[in-house]
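Colleague: output the structure for:
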Amino acid sequence: MLENGKDLKEKSFFVKGTHCASCAILIETKVKEIEGIENVKVLENEEKVIISYRGKEPTKETLNALFQKENYVFSEYPTRKTGRGTDNSFSVPFAAALLIILGFLLLNSIGLGGAVSLNSKSSLPMFFVLGIVAGLSTCSALLGGIVVSLTNPKNNNNSNNSITRLSLFCAGRTISYAFFGALLGFLGNRIKLSPELNFLLVIAVSLAMIIFGLQMLGVKILTKLRLPGRKIVSNYVSNQSNVKDRFASFLLGASTFFLPCGFTLTAQGLALLSGNPFRGSLMLFLFSLGTLPMILSIGFSSIKLSKSPRFSFQFAKTAGFLLLFYAIFNINSQIKAFGLNQPIAIKPGPTESPEKPNNNLPPLINGKQVLKMDASASGYKPNYFKVAAGLPVRFEITDKGTSGCTNAVISRELFEGEISLTPGQTSIKEFTPLKPGKFKFSCWMGMVSGTIEVVDKNKI
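Modeller: Below you'll find the predicted structure:
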């Protein structure tokens, strides 16, 4: 150890309140303001802070004074948990999530569930909301070091230069997400996702959402799980030597598309499943826009939401509960759309209720049984048909206002692929049912459905 005290040293402190990603960013940012501090590492799960410094050793008194307004308490030894603190209570996050879930189920029952669902056919504004949630949780933790470097006075001659670099960073990030979103949508279209492959991809994305949701809820066995390459990539892009010029700031923003994060991977997976370059581009563009408010907030050192550890904890837990719900809902709906029995029966909307079967077979026109149906966001009308086995069927579906996942009809047991719907137009699918039975058809996510009963024509 050098006598001049210029060598790098480390000291660890325990701190109450590091249970959220944005709180960790706040601690890292403020501690770095102390003279001589070189690096700050926050271990959220262990409620521990490791400080690398040169010269004068930081003390718990200095840190406690610095974070007095935020109510963080630093100590050199672990604090004993009393189990009575309200900050770690799950009751408020669970109640908030339950209220949102009940609202979603209500909207779903009247055919508006697509507006607030979370899948590749969701309404586009939902991806902006997803970006906001990501910005308030994982994105702030992942990008905080980069943003602080961009706006650090040591790397800039004046405040205007900091604003320019931060603006270029945000522009690069948004443009990159829009471009690669289009590429993912293009790839999804080119590989022509079969219903089986689509089913597997939805299940895979949903399982990832479950793991990520459990991480946000603090399940210890999963909190240590990190995606491969995350540390290498994040260390590279957060290196201050990479933000010396403005063009580098733009490239840094663009490169964040490749920083693995639970919310980002979810949005990217849904863009791939969309199978549409334009939609995929808009999905990720809106997602990146949703993350910008928190990124700008960090950049201008005004992390107001993060200054309330209680709020940040409750927000993260609420988001975790919602991720779990959406993941389970998507898996359940996909199982229904795939023609299997649902593990959880979800009450259908009023227009989805099976209609009284019509014992009459449809009219034969040019040797084909013609079925005519109207499709809308609230369901199908009629939604129960009876046809004869062995005779061709011409299924004519008029789109009367579908949205989200209802803009396509699938039935794995009756026909291959999907019937794409366009508002105001009639889509046609021809197939020949070969065996008697009752077969389901539904939207892409199984949220609205109907039945085609195939009967033996010789027994009518």
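Colleague: the nearest residue to Ser411 once chain neighbours are set aside and Val409: what is the separation?
Modeller: Among residues not flanking Ser411 along the chain, Phe441 sits closest, at 3.8 Å (Cβ to Cβ, 6 or more residues apart in numbering). From N, CA and C alone the C-beta is placed, and that goes for glycine too. Distance of Phe441 to Val409, computed by Cβ to Cβ, to the nearest Å: 6 Å.
Colleague: check Gly437 too.
Modeller: For Gly437 relative to Val409 (Cβ to Cβ), the value is 18 Å.
Colleague: what does Ile428 give?
Modeller: According to Cβ to Cβ, Ile428 stands 11 Å off from Val409.
Colleague: so the two - more neighbours on which side?
Modeller: Val409 (25 against 10; other Cβ atoms under 10 Å).
Colleague: what is the neighbour count of the nearest residue in space to Thr256 that is not next to it in sequence?
Modeller: Closest residue to Thr256 apart from its sequence neighbours, by Cβ to Cβ, 6+ apart: Arg173 at 5.2 Å. Arg173 has 25 neighbours, counted by other Cβ under 10 Å.
Colleague: element containing Arg173, please.
Modeller: helix 159-190 (DSSP states H and E).
Colleague: rewinding a little: so the residue nearest to Ser411 makes contact with Ile410?
Modeller: Yes: under the criterion of Cβ atoms under 8 Å, Phe441 makes contact with Ile410 at 6.9 Å.
Colleague: for Gln68, helix, strand, or coil?
Modeller: Secondary structure, DSSP: H, G, I helix; E, B strand; the rest coil: Gln68 is coil.
Colleague: can you tell me how far it is from Ala389?
Modeller: 78 Å.
Colleague: which of the two has more neighbours?
Modeller: The neighbour comparison of Gln68 against Ala389 (other Cβ under 10 Å) goes to Ala389, with 16 against 10.
Colleague: residues in contact with the residue nearest to the more buried one when sequence neighbours are not counted?
Modeller: Take Ala389 and drop its neighbours on the chain: the residue closest to it by Cβ to Cβ, 6+ apart is Val454, 5.0 Å away. Residues counted as contacts of Val454 (Cβ atoms under 8 Å, 6 or more residues apart in numbering) are 386-389, 433, 435-439.
Colleague: can you select the buried ones from those in PyMOL?
Modeller: Buried members of those, defined by 16 or more other Cβ atoms under 10 Å, are picked up in PyMOL with:
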select buried, resi 386+387+388+389+433+439
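Colleague: what packs against the host helix or strand of Leu282?
Modeller: Taking DSSP H and E as the criterion, Leu282 maps to helix 277-299. With contacts taken as 3 or more Cβ pairs under 8 Å, 6 or more residues apart in numbering; DSSP states H and E, helix 277-299 sits against helix 21-31, helix 125-135, helix 138-151, helix 159-190, helix 262-274.
Colleague: export those helices as CSV, with columns for mean pLDDT and distance to Ile295.
Modeller: Below are the helices and strands packed on helix 277-299 laid out as CSV (pLDDT from 0 to 100; distance: least, Cβ to Cβ, whole Å):
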stretch, mean pLDDT, distance to Ile295
helix 21-31, 66, 11
helix 125-135, 82, 7
helix 138-151, 62, 6
helix 159-190, 84, 6
helix 262-274, 80, 13
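Colleague: make JSON lines from these and add distance to Gly367 to it.
Modeller: Shown next, in JSON lines, are the helices and strands packed on helix 277-299 (distance: least, Cβ to Cβ, whole Å):
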{"stretch": "helix 21-31", "distance to Gly367": "63"}
{"stretch": "helix 125-135", "distance to Gly367": "45"}
{"stretch": "helix 138-151", "distance to Gly367": "58"}
{"stretch": "helix 159-190", "distance to Gly367": "34"}
{"stretch": "helix 262-274", "distance to Gly367": "37"}
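Colleague: relative to Pro293, which of those helices is closest?
Modeller: helix 125-135 (6.2 Å; Cβ to Cβ).
Colleague: tell me the buried residues in the closest one?
Modeller: 126-135.
Colleague: from the contacts of Val454, pick the one nearest Ala248.
Modeller: Phe439 (57.8 Å).
Colleague: ok so, going back, what comes up buried for the helix holding Arg173?
Modeller: 162-163, 165-170, 172-178, 180-186, 188-189.
Colleague: so what's the backbone phi/psi at the residue nearest to Asn189 when sequence neighbours are not counted?
Modeller: Closest residue in space to Asn189, ignoring its immediate chain neighbours: Gly275 at 4.4 Å, by Cβ to Cβ, 6+ apart. With angles defined as degrees, to the nearest 10, Gly275 sits at phi 60, psi 20.
Colleague: check Thr256 too.
Modeller: Here Thr256 shows phi and psi, under degrees, to the nearest 10, equal to phi -70, psi -10.
Colleague: quick check: Leu289 touching Ile175?
Modeller: No: the criterion here is Cβ under 8 Å, and Leu289 misses it with Ile175 at 11.4 Å.
Colleague: pretty sure Leu183 sits against Phe278.
Modeller: No: using Cβ under 8 Å, Leu183 is not in contact with Phe278, being 11.9 Å away.
Colleague: what about Glu38, helix or strand, and which?
Modeller: Using DSSP H and E, the element containing Glu38 is strand 37-43.
Colleague: can you tell me what sits against that strand?
Modeller: Strand 37-43 is contacted by residues 8, 18, 24, 27-28, 31-32, 48-54, 58 when judged by Cβ under 8 Å, 6+ apart.
Colleague: compare those residues and tell me which is most surrounded.
Modeller: Ile27 (26 neighbours).
Colleague: measure it to Ala134 for me?
Modeller: 20 Å.
Colleague: quick one: the strands in the stretch 301-450 of the chain, in order.
Modeller: For the stretch 301-450 of the chain, the strands defined by DSSP state E, counting those that start in this stretch occupy 364-365, 368-376, 379-381, 384-388, 393-399, 408-410, 418-420, 426-431, 437-443, 449-455.
Colleague: most packed of the ones you listed?
Modeller: Scoring the strands of the stretch 301-450 of the chain by mean neighbour count under mean count of other Cβ atoms under 10 Å gives strand 408-410 as the most buried, with a mean of 23.
Colleague: that one pairs with which strands?
Modeller: strand 418-420 (antiparallel), strand 437-443 (antiparallel) (DSSP bridges).
Colleague: can you lay out those as a markdown table showing mean pLDDT?
Modeller: Below are those laid out as a markdown table (pLDDT from 0 to 100):
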| stretch | mean pLDDT |
| --- | --- |
| strand 418-420 | 84 |
| strand 437-443 | 87 |
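Colleague: for these, which one sits closest to Gly320?
Modeller: Short answer: strand 437-443, nearest of the strands paired with strand 408-410 by Cβ to Cβ, at 27.6 Å.
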